[in-house]
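Visitor: sequence and predicted model, in that order:
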Amino acid sequence: MANWETVEVTTDLLICGGGMAASGAAVEAAYWAKKNGLKVTLVDKAAFTRSGAVAMGLSAINEYIGYGKGENQLQDYINYVRQDLMGIARDDLVFNIARHVDSSVHLFEKWGLPIWTDENGKYVREGRWQIMINGESYKVIVAEAAKNAMDKAGFEIYERVFIVGPIMDGDRIAGAYGFGTREDKFYVFKAKAVFAAMGGAVHVFRPRSVGEGMGRSWYPPFNSGSTAYFTIAAGAEMTCQEIRFIPVRFKDAYGPVGAWFLLFKSRATSATGGEYMAVRKAELNNWAPYGLVKPIPANLRNYLGMLDVEAGMGPLYMETAEAIANLAKAFEGDEKAFKKKMKSLENEAWEDFLDMTVSQAILWAANNIYPEKSRSEIAACEPYFIGSHSGGSGAWVSGPEDVNTPYKWGYGNMTTVKGLFSAGDGTGASSHKFSSGSHAEGRFAGKEAVRFILDNNSQPNVGGIDEIKAKCLKPLDTYAAASKFTTDPMINPNYILPMQFMFRLQKIMDEYAGGVISGFKTSKALCERGLELLAMLKEDSEKMGAKDRYELERCWENFQRVWQAEAHVRTILFREETRWPGYYFRADCPKMDEANWKVFVNCAYKNGQWEMKKVPVVPIG
Ligand code: SFD
Ligand code: AMP
């Protein structure tokens, strides 16, 4: 067996992940733990200040209610999220995040994040719920505050340690295991409670960017479904596993569109010039009542564009030049003021991408695109699994104690597994939290996890470490034992390399589970065949081979992706209707069925079997 040192760390609360939710959890838990003589430990697979979805920065904060300022009511946000998810959302969770989110944003500002303000000092709104920021260093600012809180309390942060999976003591979480990505070290973390916030899942489906563009995606390619795998493997109930998110993005470099639609008030058109949201408006009646609300749900906005593409009217375009011209129109007649306005609009257009998707700015430059002169191509991307944006997948967690909700079993944001908490992309049915809401939810969950520990203050048993270590390092052994059998170690019948494993997974998902190549369509028969192929892929995961530490990480990332994939396909198969056209289409059940399927679909993996069930949607307010 590979000769790696074993490092054992014993703590009270283990925070897995170092993104927005984990940063929130660290700030809050460090305070409450220190006060109560407990210890917190944080583990991130990357460098904490530049890790996760906000690594590159962001140009907007997408959830700011302005509740204390009388700008919006919490109930309006709850209604907005439920409608955007075609009726399927947990109002209690959305409410809980909404009531705490503004204070996270105020903390960001206090810690140094520049938020745009108008001449009266009011935050500049991108849309009703979003505010604009100069956010290139957003993650650095938020992570440093978390680091300071942890340092002040004398708590440790482990960077560049990849968490593979949970360690259980019966039905209670007992810790996690993983390995160093820069050192030959196997880690065992023993904890009384675990907060799993290792982001969403990217590259489960074949991306549009393949070959020379491989690795480019809208969401970070290094978020590989670790949270989903961790919670599923611990036996936690999962929800909304069918609600993938398909963002429409500027084509090929995946630049976000929110600023263009909301701040610049741009139109999106087909090649023939028609604005699909206007031309195809009648289609929305088929998806009533959700198709008739404002804003029109994200999946339906996607769907109308997809119908144009299917009708041969692609490519689709963002009319950037027209939008900029419209905004500058009021200044026509005063040459100096007009030029100044045009310059500031151009700056805003470029900054939007330079703040969060640098490669889109590079692609514009490479393709001679001047947003004020020409329109720019947009397209629906491959599917992503993220519970924090406009998808819904994640763990099923307990609602807050002080809210009258049927979904409650003890500690807020605890999964159905004792002592295992989650937030951000890790929790389901509570979409539209984004960066700010993930942080607020993390703060709440961190505090609740400390409360759990105070009530259950015993160290669970951790056994079987040698077996776990052997299994974790096995891909290195498999490769070492067989790589000399062939002249090219890339081609070898004794193992499957991580890249080959990932390509096989992505091909299955693309062709059977409604990826880009299938026009986002699938069916019962396709899902069933996809599950057969996934079962064989899972069998072959026993034969994963890794030539070095780097490939070992890739092996386990892909292993985690497969579990997210399976939960997804099983849930699509179980739900016999189409509810989110524009995200996926069950071609054999093409209509929405409110009478039978206005429910959550939850699943859990227990004793080697998947259990699927319907859970009623109970709105509050
Ligand atoms: O424009 C392991 N997001 C946006 N949110 C906004 O508020 N405004 C925007 O402008 C947003 N847009 C946007 C966004 C994201 C991206 C990539 C782009 C544009 C280009 C969404 C938010 O970023 C998102 O909601 C939150 O970041 C979610 O927070 P969280 O904590 O659930 O996930 P994370 O931040 O990605 O952190 C994950 C962490 O886990 C680590 N990790 N650690 C140990 N072991 C493992 N196995 C691990 N696997 C992962 C990661 O390193 C990271 O620290 S726009 O498109 O709408
Ligand atoms: P995006 O850049 O697509 O991630 O969107 C950023 C924010 O703007 C999110 O809150 C979206 O829900 C919202 N948004 C994007 N496009 C639209 C639109 N056409 N109408 C309403 N809201 C939108």
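Guide: Cool, the structure landed. Numbers count the residues shown, from 1 in each chain. Ligands and ions are numbered 1, 2, ... in the order given.
Visitor: kindly list the longest helix within the chain.
Guide: For the chain, the longest helix by residue count, based on DSSP state H, is helix 549-574.
Visitor: tell me the mean pLDDT over it?
Guide: Helix 549-574 shows a mean pLDDT of 98.
Visitor: what's downstream of that helix, the next helix or strand?
Guide: Next helix or strand after helix 549-574 toward the C-terminus (DSSP states H and E): strand 585-586.
Visitor: now whichever helix or strand comes after that following strand: mean pLDDT?
Guide: Per DSSP H and E, strand 585-586 leads on to helix 594-597 as the next helix or strand towards the C-terminus. Regarding helix 594-597, the rounded mean pLDDT is 98.
Visitor: what are the contacting residues of whichever helix or strand comes after helix 594-597?
Guide: Moving toward the C-terminus from helix 594-597, the next helix or strand (DSSP H and E) is strand 599-606. Strand 599-606 has contacts (C-beta atoms under 8 Å, 6 or more residues apart in numbering) with 88, 90, 232-233, 235-242, 396, 416, 429, 563, 567, 570-571, 574-575, 610-617. No exception for glycine: its C-beta is placed from N, CA and C like everyone else's.
Visitor: just the residues you listed: which are in helices?
Guide: Short answer: those in helices (DSSP H) are I232, A233, W563, A567, R570, T571, F574.
Visitor: relative to ligand 1, how far out is the fifth one?
Guide: Distance check for R570 against ligand 1: by C-beta to the nearest ligand atom, to the nearest Å, it reads 23 Å.
Visitor: tell me the secondary structure for the residue lying closest to E351 once chain neighbours are set aside?
Guide: In space, and not counting its chain neighbours, E351 is closest to S59: 6.7 Å by C-beta to C-beta, 6 or more residues apart in numbering. Applying DSSP: H, G, I helix; E, B strand; the rest coil to S59 yields a three-state assignment of strand.
Visitor: and S59, how far from ligand 1?
Guide: 6 Å.
Visitor: pLDDT score for that residue?
Guide: 97.
Visitor: that one: neighbouring residues, count only.
Guide: S59 has 25 neighbouring residues, counting by other C-beta atoms under 10 Å.
Visitor: again with L292
Guide: 11.
Visitor: for the residue nearest to it when sequence neighbours are not counted, which three-state class applies?
Guide: For L292, ignoring the flanking residues on the chain, the nearest one in space by C-beta to C-beta, 6+ apart is L284 at 6.3 Å. Here L284 is helix, with the state taken from three-state DSSP.
Visitor: how near is L284 to ligand 2?
Guide: Separation of L284 from ligand 2 (C-beta to the nearest ligand atom) stands at 13 Å.
Visitor: before we move on, the earlier item: the longest helix of the chain packs against which elements?
Guide: strand 161-169, strand 172-180, helix 226-233, helix 465-482, helix 498-512, helix 524-540, strand 599-606, strand 609-616 (3 or more C-beta pairs under 8 Å, 6 or more residues apart in numbering; DSSP states H and E).
Visitor: of all those, which one is nearest E212?
Guide: E212 sits nearest to helix 498-512 of all the helices and strands packed on helix 549-574, at 15.2 Å, using C-beta to C-beta.
Visitor: can you give me the buried ones in the longest helix of the chain?
Guide: 549, 551-574 (16 or more other C-beta atoms under 10 Å).
Visitor: do the same with stretch 320-336
Guide: T320, A321, E322, A323, I324, L327, A328.
Visitor: quickly name whichever of those residues is closest to ligand 2.
Guide: A323 (12.3 Å; C-beta to the nearest ligand atom).
Visitor: what does the residue in the stretch 201-350 of the chain that ligand 2 sits nearest to show for phi and psi?
Guide: Of all residues in the stretch 201-350 of the chain, G258 sits closest to ligand 2, at 2.5 Å by C-beta to the nearest ligand atom. Recorded main-chain torsions at G258 are phi -50, psi -50, according to degrees, to the nearest 10.
Visitor: count of neighbours near it?
Guide: 15.
Visitor: now it: how far from ligand 1?
Guide: 5 Å.
Visitor: touching, that residue and G127? I think so.
Guide: Yes - counting by C-beta atoms under 8 Å, G127 is a contact partner of G258 at 7.3 Å.
Visitor: need the residues of the stretch 101-250 of the chain near ligand 1, please.
Guide: Counting by C-beta under 6 Å from any ligand atom, the stretch 101-250 of the chain comes close to ligand 1 at F162, I163, A197, M198, G199, W218, Y219, P220, N223, S226.
Visitor: hang on, the earlier thing: turn the buried residues of stretch 320-336 into a markdown table, columns for secondary structure.
Guide: Rendered in a markdown table, the data for those read as follows (three-state DSSP):
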| residue | secondary structure |
| --- | --- |
| T320 | helix |
| A321 | helix |
| E322 | helix |
| A323 | helix |
| I324 | helix |
| L327 | helix |
| A328 | helix |
